[in-house]
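K.L.:
Provide a 3D model corresponding to the input given below.
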Amino acid sequence: MSGTSLDGVDLALLHFEKKEVWKYSILATTTVAYPEEWIERLRHAVDLSKQDLAVLDRDYTLYLAKIIQDFLAQQHQLPDFVSSHGHTVLHQPEKGITYQIGNLASLAEVTGLKLICNFREADVALGGQGAPLVPGGEVHLFNEYSACVNLGGFANITLLNNTPVVAFDICPVNIVMNALVHPLGLAYDHRGKLASSGQIISDLLDQLNQLDFYKTSFPKSLGVEWVIKQVNPLLRQYENHSTADILHTFCHHIAYQIAQQLPENGPVLLTGGGCYNAFLISLIKNLGKVDVVLPSKDLIEYKEALIFGFLGLLKEFNLNNCLASVTGAQFDHISGEIFLP
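P.N.:
Sure thing, here's the model as predicted:
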């Protein structure tokens, strides 16, 4: 899978078994960083025509196939199937639109493996947000936590101690912060050092926290289009401030929005690339006042890949993998498509 932060393609070789409850093992992992050409193509995908998107989808699917083949060539076993999230280029559920590239049948044909993919489209067709889908796996694999928070391109939360389970996107994270440091020749702000050196821009922080999305109730989800329309224009108003000050302010914004959603009792599992931003994590801990757990490196970096592998497994066994209480769909359902080589 690939996230909106454009870090690269995450791959995980996984093993699942069930006795009384589901257990998982992460056998091997890797992240294939995008070359600059692909970063630019994916960053501007939202502006493409339907015809050009189809070309991008074809090219990206073949690109993924090569990455998967190279990864599996290093392993000692072949998987029963490939579960592909792909990369989201359009997500406008209010218009009935969600589009993940890298989910074409050619992925099965080239790799020679069964493909389970396209997990979001069916949910949107049933009136759901098509996101977040991860709770459909978290309820089985991580129910010892009161909540799970992922700090990826966007922050999302699953409140596992709710009945029914509730989950939603909170705010943008790496999709904004990585873009802010990109002009400085950086892929990301290492450990949040640049952000920690800045000062709060009070007016910007207030404007960010007043965005209408934060006043709406769940189910709700975010996409790159929202960042382009709502967040980027605000940031441009403060271009005369240093990048450090803008990053510092945005970290406070993220931490505040996350703290507002955390349960009163822990433990809370944090995963995703944002976990390596020590400055951001310190703010979340200070504002959240709840027991925050940072797991192993494999789980921090590959929990989303783990979950989408598991969602593929549920699809394979014809079991529900999408929760209506989370996405707002008409009912719990089985999402995904299967292609045979």
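
K.L.:
mind listing the helices for the chain?
P.N.:
For the chain, the helices defined by DSSP state H occupy 36-43, 50-73, 106-111, 121-125, 135-141, 174-181, 193-196, 202-209, 224-226, 232-236, 243-261, 278-288, 297-316, 324-327.

K.L.:
show me the contacts for I228.
P.N.:
V46 (CB atoms under 8 Å, 6 or more residues apart in numbering). No exception for glycine: its C-beta is placed from N, CA and C like everyone else's.

K.L.:
what about E40, how many residues nearby?
P.N.:
Close neighbours of E40, defined as other CB atoms under 10 Å, add up to 12.

K.L.:
how near is it to G312?
P.N.:
In this structure, E40 and G312 are 30 Å apart, going by CB to CB, to the nearest Å.

K.L.:
let's have the helices of the chain in TSV, adding mean pLDDT.
P.N.:
Below are those laid out as TSV (pLDDT from 0 to 100):
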stretch	mean pLDDT
helix 36-43	94
helix 50-73	97
helix 106-111	97
helix 121-125	95
helix 135-141	96
helix 174-181	96
helix 193-196	98
helix 202-209	98
helix 224-226	91
helix 232-236	98
helix 243-261	98
helix 278-288	95
helix 297-316	96
helix 324-327	93
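
K.L.:
which of the ones you listed sits closest to Y99?
P.N.:
helix 50-73 (7.2 Å; CB to CB).

K.L.:
closest one to A12 among the helices of the chain?
P.N.:
With CB to CB, the closest approach to A12 among the helices of the chain belongs to helix 297-316: 4.3 Å.

K.L.:
can you list the buried residues in that closest one?
P.N.:
Neighbour counts over helix 297-316 (16 or more other CB atoms under 10 Å) mark 299-316 as buried.

K.L.:
may I have that helix as CSV, with CA atoms only?
P.N.:
Provided in CSV are the C-alpha atoms of helix 297-316 (Å, rounded to 0.1, in the frame of the first residue of the first chain):
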residue,chain,number,x,y,z
LYS,A,297,9.2,-0.4,14.6
ASP,A,298,7.5,-3.0,12.4
LEU,A,299,4.1,-2.1,13.9
ILE,A,300,4.7,1.6,13.8
GLU,A,301,5.6,1.5,10.1
TYR,A,302,3.5,-1.4,8.8
LYS,A,303,0.3,-1.6,10.8
GLU,A,304,-1.7,-0.2,7.9
ALA,A,305,-0.2,-2.8,5.6
LEU,A,306,-0.9,-5.5,8.2
ILE,A,307,-4.5,-4.4,8.5
PHE,A,308,-5.1,-4.3,4.7
GLY,A,309,-3.6,-7.7,4.4
PHE,A,310,-6.1,-8.9,7.1
LEU,A,311,-9.0,-7.2,5.3
GLY,A,312,-8.0,-9.2,2.2
LEU,A,313,-8.1,-12.3,4.3
LEU,A,314,-11.6,-11.5,5.6
LYS,A,315,-12.7,-11.0,2.0
GLU,A,316,-11.2,-14.3,1.0
